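>>> let me see the structure of the following:
(one chain, ligands or ions: 1)
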Amino acid sequence: MKKNLLDAIKERPLLGDGAMGTQLMIAGLEQGNSGEAWNLTHPGRVRAIQRRYVDAGSECLLTNTFGGSRIMLNRHSRAGDVVAINAAGVEIARAAFDGRDGYVIGDIGPFGGLMEPYGEFTEAQVLDAFREQANALVGAGADAIIIETQTSLEELRLGLVAAREAGAPCVIGSMAYDVTLDGSTFRTMMGVDPERAAEFMQEHGADIVALNCGTGMDMERARQAVLRYMQITELPIMAQPNAGQPKLVEMKVVYDETPVQMVAGVVPLLQAGVSIIGGCCGSTPDHIRAFREAMDQFRAARALS
Ligand SMILES: [Zn+2]
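Numbers count the residues shown, from 1 in each chain. Presented below is the predicted three-dimensional model:
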């Protein structure tokens, strides 16, 4: 029988997947439409993207449910499909492994607004939305839940509570940091630094502390974040940086760090002690394939030494 995710990462680091959003666009999703609704309308296309990640060597797939909360889906008049979209997301990822061992990580992204007193949503509304999504993901058999691209500890906490209550076998909290204007450090848009995030996640029951996405957070910055987490916590760490800096080309946001450029940061991340490596915006199956080779070579070299 397959080990659970937390036991598996005690033995060796695992490879995650790359971007979903940019791949959905390539597959024909139009800007402004719900990519998550494709779990019901175009499951074959979602599965094909994830299959390419598995073929490239991914051992963990994030479900295509980033914007799968009621609050997000309501913007596309899809609030009635929360359970179906999230359950389908787990089933599609599982099918993409095609019988191979692999971990399906149920993805919960930000609810996409601000809570009172700054915004229009109450804490109870956001918690309910996360609970509903987490229950659907766990009910469909997700191996873990990741609360990702988080910038505020208040919202992160609600996601962690929802995932724990849903009985997720493993709960991952993942922050999005931005490099400061002077380039000296990084923190989230809401001003949270990695030390505070790690402390908070540990206090609130995360099993894995993570970072993903953000602005200016390349592989080297991700390594720095991992080291800063490790000053605070002994929990395992996951990193999913973007493929470089977002650039605006012909009114489109592009990420142009190549697999060769990005893979140079893989071994330093492994040496820092990261447990799961993947990619966020702009990363592709080619990036993941390069990561796979670097991770395998690193492991083989370790075994010899
Ligand atoms: Zn991203």
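
>>> and the residue of the stretch 101-250 of the chain nearest the ion?
Nearest residue of the stretch 101-250 of the chain to the ion: Cys213, at 3.1 Å (Cβ to the ion). For every residue, glycine as well, the C-beta is placed using N, CA and C.

>>> in three-state terms, how would the residue nearest to the spatial centre of the chain be classified?
What sits nearest the mean C-alpha location of the chain, by Cα atoms, centre = their mean, is Glu148, with 5.4 Å. Three-state assignment for Glu148 (DSSP: H, G, I helix; E, B strand; the rest coil): strand.

>>> and it, how far from Gly67?
11 Å (Cβ to Cβ, to the nearest Å).

>>> pretty sure the residue of the stretch 101-250 of the chain closest to the ion sits against Ile146.
No: applying Cβ atoms under 8 Å, one finds Cys213 not in contact with Ile146, separated by 11.9 Å.

>>> more neighbours: which of the two?
Ile146 (33 against 23; other Cβ atoms under 10 Å).

>>> which parts of the stretch 201-305 of the chain sit against the ion?
For the stretch 201-305 of the chain, the contact set with the ion under Cβ under 5 Å from the ion comprises Cys213, Cys280, Cys281.

>>> okay, and Ser58 sits in which element?
For Ser58, there is no host helix or strand (DSSP states H and E).

>>> can you spell out which helices and strands pack onto the one helix or strand Gln224 maps to?
Using DSSP H and E, Gln224 sits in helix 219-232. Packing contacts for helix 219-232, counted by 3 or more Cβ pairs under 8 Å, 6 or more residues apart in numbering; DSSP states H and E, involve strand 186-187, helix 194-203, strand 208-212, strand 237-240, helix 266-272.

>>> buried sites along the fourth one?
Translated: strand 237-240. Ile237, Met238, Ala239, Gln240 (16 or more other Cβ atoms under 10 Å).

>>> CA atoms only: put it into CSV for me.
The C-alpha coordinates for strand 237-240 follow below in CSV (Å, rounded to 0.1, in the frame of the first residue of the first chain):
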residue,chain,number,x,y,z
ILE,A,237,8.8,22.4,3.8
MET,A,238,7.3,22.7,0.3
ALA,A,239,8.4,25.3,-2.4
GLN,A,240,6.7,26.1,-5.7
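
>>> where does pLDDT dip in the chain?
1 (pLDDT under 70).

>>> so which residues of it form helices?
5-11, 21-26, 38-41, 43-56, 70-74, 82-96, 123-139, 153-165, 194-203, 219-232, 259-263, 266-272, 285-304 (DSSP state H).

>>> relative to Gly112, which of those helices is closest?
Smallest distance to Gly112 across those (Cβ to Cβ): 5.2 Å, for helix 70-74.

>>> ok, residues contacting that closest one?
Contact partners of helix 70-74, identified using Cβ atoms under 8 Å, 6 or more residues apart in numbering, comprise 34, 36-37, 67, 79, 81-82, 85, 109, 111-113, 121, 125-126, 128-129, 132-133.

>>> just to revisit the earlier point, dump the buried residues of strand 237-240 into JSON lines; add distance to Met251 as well.
Shown next, in JSON lines, are the buried residues of strand 237-240 (distance: Cβ to Cβ, whole Å):
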{"residue": "Ile237", "distance to Met251": "36"}
{"residue": "Met238", "distance to Met251": "33"}
{"residue": "Ala239", "distance to Met251": "30"}
{"residue": "Gln240", "distance to Met251": "26"}
